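> One predicted model, sequence on top.
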Amino acid sequence: MSSGNGRNVPRGGDHGPSGRSRGAAGRGGGRGGRPPKPVRDEARNAAYDLMRAVDERDAYANLLMPALLRERRLSGRDAGLATELAYGTLRGLGTYDEIIAACSDRAPEDVDPPLLDAVRLGVHQLLKTRVPPHAAVGTTVDLVRLRVGIGASKYANAVLRKVSTRSLEQWIPIVAPDPVTDPVGHLAVAHSHPRWIVDALRDAVGGDFDETAALLAADNERPKVTLVARPGRSSVKELLDAGAEPARYSPYAAYLPEGDPGAVLAVAESRAAVQDEASQLVALALTRVPVEGSDSRWLDLCAGPGGKAGLLDAIATRGDEAGLGGPGAGEPAPAAGTASNAGPGAVPVAGSGPGAGPVAFPGGARLLAAELQYHRARLVWQTTRQAAVVTADGTAPAWRPGAFDRVMLDAPCTGLGALRRRPEARWRRDPRSLPELGRLQRALLDSAVDAVRPGGVVAYVTCSPHLAETVTVVGDLLRRRDDVEALDARQYLPEVEGLGEGPYALFWPHRHGTDAMFLALLRRR
Ligand SMILES: C[S@@+](CC[C@H](N)C(=O)[O-])C[C@H]1O[C@@H](n2cnc3c(N)ncnc32)[C@H](O)[C@@H]1O
């Protein structure tokens with residue numbers, strides 16, 4: 001895996017005197033004898049194996065790690081250490097590779113990948129953790145001797161000793177491009193993101209570099225574990241009694257400060273689940289838009305694996321029990337109908353004025369959840385209780401036009417808003433996927449609007465803030481079709497501040513502590 005920064009890297013050092021030493025931890029051969037046998041460190045071996053699986057098999061770190069920990073019988077502190085080392089290294093390797101290049105006579109791409117991954121783990125420990133430097137170097141050298149070879153361990157030792165001479169803050173100005181002449185390149189190296197993602201995020205926050213930096217920094221933080229109590233099946237009180245803490249925005253959310261979410265009874269029984277707060281709120285917003293006439297048929301067009309469908313299904317059946325009585329109830333909503341007329345997303349806003357505010361859905365609707373992939377449709381079926389679940393292509397619907405009162409379209413996207421959750425994702429995403437995704441998003445959005453009856457509502461959601469997937473897609477629709485209008489989405493989330501200029505609502509990791517998520521609410525005329 002390459003850091004993707006595409007920059008020539010300085011060739012700073014050589015194996016030098018440190019390469020010939022006995023190792024930073026003094027663990028090399030003593031007085032001409034054989035070196036002591038390296039100690040097998042299970043947490044670091046698990047972190048290393050995860051990184052190798054990500055590189056060799058394109059494994060998803062967040063899916064493989066729990067299985068790896070179970071297989072190795074790692075729990076408690078060891079499990080925490082293995083996870084932090086692997087995830088932290090995967091997130092940071094754009095910065096670490098530049099530092100390794102500066103401390104080595106070989107560019108990272110010329111280093112054998114198994115050795116490079118081990119050295120990256122060592123660099124992470126030296127620069128981003130409280131592991132003492134001698135332990136960071138010593139344990140990495142042991143790991144390399146055990147897993148790669150004795151010759152390679154000399155290289156690791158030499159590089160890590162050089163890395164250990166400076167802090168991360170001291171390395172950044174040395175290895176990152178000048179912030180004045182190349183601010184995007186600087187942020188890319190300093191915050192370990194590919195340059196194209198920095199560009200896209202800067203555009204999405206409106207061009208402000210300080211805000212972009214805050215967003216990139218938030219992407220490198222471990223996200224809170226947020227739970228959702230599905231209405232009628234669990235309650236926030238039940239989650240709080242199980243050790244969770246009150247959440248900031250969603251009336252159905254609670255934060256789990258530590259421990260395995262699966263150990264919470266309500267989660268084990270699928271009455272509650274792990275779900276980001278923004279995901280909860282975009283689903284809730286769709287249910288709060290008043291619609292005249294019938295309101296009994298809801299559609300989730302891209303439902304797998306079923307996070308939003310799980311909440312929509314519960315609200316459809318039982319009603320929004322906590323919603324408008326939850327945090328923020330009674331607070332004034334942001335002014336509606338005041339959308340900025342500037343920028344690529346500028347659209348006329350409808351639905352403002354008296355009587356257009358959020359309403360709590362009383363219950364009595366039925367959800368149809370559609371998903372293209374059978375195995376993901378099965379997950380939706382396991383998550384929901386009352387919903388009908390079908391494996392179907394949302395662009396070639398099997399239902400008649402105008403059959404639904406509310407439609408959720410949580411569209412396939414680059415996922416640039418959820419980089420905190422998937423440590424390796426930033427290095428895998430490819431901007432060349434954008435045109436094809438754009439075509440699919442447009443086709444699905446047309447299909448969603450066709451599926452809703454006049455007066456009904458569509459929510460268009462992406463877990464990406466990329467303009468090409470958000471305001472451009474919705475703006476194109478509004479230009480092409482005169483049977484749909486945008487509502488001010490912020491009006492339906494009065495408990496959340498800072499959702500942007502409207503009419504769309506944008507959640508951000510650095511502002512809200514959630515994934516970055518885009519919501520457009522559209523009414524069919
Ligand atoms: C962003 S995910 C949806 C996440 C889901 N709403 C949740 O909250 O768990 C997008 C989903 O759309 C599905 N998908 C992609 N193309 C589709 C199509 N043409 N019709 C229906 N579903 C599709 C993908 O398989 C994927 O499961």
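Arrived safely. Residues are numbered from 1 along each chain as shown.
> quick one, what contacts the residue in the stretch 401-525 of the chain that the ligand sits nearest to?
Relative to the ligand, the nearest point of the stretch 401-525 of the chain is D410 (3.4 Å; CB to the nearest ligand atom). For glycine as for every other residue, the C-beta is placed from the backbone atoms N, C-alpha and C. By CB atoms under 8 Å, 6 or more residues apart in numbering, D410 lies in contact with V282, D300, L301, C302, A303, K308, V461, T462, C463.
> Across the sheet, point out what pairs with it.
Beta bridges link D410 to V461, judged by DSSP bridges.
> ok, the closest residue to V380 other than its chain neighbours to L93 distance?
Distances taken as CB to CB, 6 or more residues apart in numbering place G306 nearest to V380, at 3.7 Å, with adjacent residues excluded. According to CB to CB, to the nearest Å, G306 and L93 sit 32 Å apart.
> What is the neighbour count of V274?
Using other CB atoms under 10 Å, V274 has 14 neighbouring residues.
> Please identify which of G306 and L93 sits among more neighbours.
Ranked by neighbour count (other CB under 10 Å), G306 and L93 place L93 first, with 28 against 25.
> pretty sure the more buried one contacts L121?
No: counting by CB atoms under 8 Å, L121 is not a contact partner of L93; they are 9.8 Å apart.
> Could you give the secondary structure assignment for S294?
coil (DSSP: H, G, I helix; E, B strand; the rest coil).
> so what's the closest residue to it other than its chain neighbours up against?
Spatial nearest neighbour of S294, excluding adjacent residues (CB to CB, 6+ apart): D405 at 5.9 Å. Shown in contact with D405 (CB under 8 Å, 6+ apart): V291, G293, S294, D295, S296, R297, W298, A365, V452, R453, G456, V457.
> my guess is the fifth one meets A365, correct?
Yes: the pair S296 and A365 qualifies as a contact (CB under 8 Å) at a distance of 4.8 Å.
> what about these two, which has more around it?
More crowded of S296 and A365, by other CB under 10 Å: A365, with 22 against 11.
> To which secondary structure element is the closest residue to the more buried one other than its chain neighbours assigned?
With CB to CB, 6+ apart as the criterion, A365 has its nearest non-adjacent residue at 4.0 Å, and that residue is A316. Using DSSP states H and E, A316 sits within helix 307-318.
> and the angle from the host helix or strand of R453 to helix 307-318?
Here R453 sits within strand 452-462, counting by DSSP H and E. Note on geometry: by axes from the mean of the first three to the mean of the last three CA atoms, to 10 degrees, strand 452-462 and helix 307-318 are set 140 degrees apart in direction.
> Strand 452-462 and the ligand, any residue contact?
No: if you take CB under 6 Å from any ligand atom as the test, strand 452-462 misses the ligand, and the best it gets is 7.5 Å.
> And that strand, what's buried?
V452, R453, G455, G456, V457, V458, A459, Y460, V461, T462 (16 or more other CB atoms under 10 Å).
> tell me how far it is from the chain's mean position?
Put simply, strand 452-462 sits 25 Å off its chain's centre (CA atoms, centre = their mean, to the nearest Å).
> and it, what does it pack onto?
With contacts taken as 3 or more CB pairs under 8 Å, 6 or more residues apart in numbering; DSSP states H and E, strand 452-462 sits against helix 277-288, strand 404-410, helix 434-451, strand 517-524.
> For that strand, list the C-alpha coordinates in CSV.
Only the C-alpha atoms of strand 452-462 are listed here, as CSV (Å, rounded to 0.1, in the frame of the first residue of the first chain):
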residue,chain,number,x,y,z
VAL,A,452,-42.6,8.9,-4.0
ARG,A,453,-46.1,10.3,-4.6
PRO,A,454,-46.8,14.0,-5.1
GLY,A,455,-46.5,15.6,-1.7
GLY,A,456,-44.2,12.9,-0.4
VAL,A,457,-40.6,13.3,0.7
VAL,A,458,-37.2,11.9,-0.4
ALA,A,459,-34.1,12.0,1.8
TYR,A,460,-30.9,11.9,-0.2
VAL,A,461,-28.0,11.0,2.1
THR,A,462,-24.3,10.3,1.5
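> Show the average pLDDT along it.
The average pLDDT within strand 452-462 is 98.
> That one vs helix 277-288, what angle?
170 degrees.
> in the helix or strand following strand 452-462, what counts as buried?
Next along the chain after strand 452-462, taking DSSP H and E as the criterion, comes helix 471-480. Neighbour-count burial for helix 471-480, with 16+ other CB under 10 Å as criterion, is recorded at V471, T472, V473, V474, G475, L477, L478.
> Can you read off the pLDDT for the last one?
We note a pLDDT of 98 for L478 in this prediction.
> is it true that it touches E485?
Yes: using CB under 8 Å, L478 is in contact with E485, at 7.5 Å.
> The spatially closest residue to L434 that is not a sequence neighbour: neighbouring residues, count only.
Leaving aside its sequence neighbours, L434 sits nearest to A468 (CB to CB, 6+ apart; 5.3 Å). Neighbourhood size, A468 [other CB under 10 Å]: 20.
> before we move on, what about E238?
When counting by other CB under 10 Å, one arrives at 18 neighbours for E238.
> separation between it and A244?
9 Å.
> which stretches of the stretch 351-500 of the chain have low pLDDT?
351-356 (pLDDT under 70).
> how about 50 then?
In the predicted model, the stretch 351-500 of the chain carries pLDDT under 50 at residues 352-355.
> Would you mind listing what in it touches the ligand?
Within the stretch 351-500 of the chain, the positions adjacent to the ligand are A370, E371, L372, Q373, R376, D393, G394, T395, D410, P412 by CB under 6 Å from any ligand atom.
> and what of the chain?
Applying CB under 6 Å from any ligand atom, we find that the chain lies next to the ligand at 279, 302-308, 370-373, 376, 393-395, 410, 412.
> which among those end up buried?
The neighbour count (16+ other CB under 10 Å) marks 279, 302-308, 370-372, 376, 394-395, 410, 412 as buried among the residues of the chain next to the ligand.
> Which two among those are spaced furthest apart?
Pairwise distances across those (CB to CB) peak at 23.0 Å, for the pair S279 and T395.
> just to revisit the earlier point, the buried residues of strand 452-462 into JSON lines, with extra columns for distance to G323?
As requested, these are exported to JSON lines (distance: CB to CB, whole Å):
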{"residue": "V452", "distance to G323": "21"}
{"residue": "R453", "distance to G323": "23"}
{"residue": "G455", "distance to G323": "21"}
{"residue": "G456", "distance to G323": "20"}
{"residue": "V457", "distance to G323": "16"}
{"residue": "V458", "distance to G323": "20"}
{"residue": "A459", "distance to G323": "15"}
{"residue": "Y460", "distance to G323": "21"}
{"residue": "V461", "distance to G323": "18"}
{"residue": "T462", "distance to G323": "23"}
